[in-house]
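**Student:** have a look at this fold, sequence not included:
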């Protein structure tokens, strides 16, 4: 059973590339700024929330206007229905 392999035998090209990749990944990981990411995401979410809030207000205003128009048309329809019933009763 061999004790240890000499270092020059263990450092193959793929091992060297893997170690370089590991080193780069470790540097990238340690340089990653979680606080900056949190700030950016918070700001992005605030902007999206503001945009959706504005859309909702516009939608609510539009629906309110349509409901008022529908109420007006309903009232006019009720008046016309009552007039038609009145005319029919007079003809009998």
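**Tutor:** Yep, it's here. All values derive from a computational prediction rather than experimental measurement.
**Student:** CA only for contacts and neighbour counts going forward, please
**Tutor:** OK.
**Student:** for the record, mean pLDDT for stretch 12-27?
**Tutor:** Here stretch 12-27 scores 88 as its mean pLDDT.
**Student:** cool, and stretch 56-71?
**Tutor:** Per-residue scores along stretch 56-71 average to 97.
**Student:** quick thing: my sequence starts at 27, can you match it?
**Tutor:** Sure, I'll start counting at 27 from here, so that last one is stretch 82-97.
**Student:** burial check on residue 48, number of neighbours?
**Tutor:** 12 (other CA atoms under 10 Å).
**Student:** hmm, I typed the wrong one, I wanted residue 45.
**Tutor:** 13.
**Student:** tell me which element it falls in.
**Tutor:** helix 39-57 (DSSP states H and E).
**Student:** also residue 104?
**Tutor:** Counting by DSSP H and E, residue 104 is found in helix 60-117.
**Student:** chain center to that helix: distance?
**Tutor:** Distance of helix 60-117 from the chain centroid (CA atoms, centre = their mean, to the nearest Å) equals 22 Å.
**Student:** and stretch 46-55, by the same measure?
**Tutor:** 33 Å.
**Student:** by contact count, what packs against the helix holding residue 104?
**Tutor:** Other helices and strands packing on helix 60-117, by 3 or more CA pairs under 8 Å, 6 or more residues apart in numbering; DSSP states H and E, are absent; none qualifies.
**Student:** so the residue most central in space within the chain versus residue 86, what's the distance?
**Tutor:** Most central in the chain under CA atoms, centre = their mean is residue 74, positioned 7.1 Å from the mean C-alpha point. Counting by CA to CA, to the nearest Å, the gap from residue 74 to residue 86 is 18 Å.
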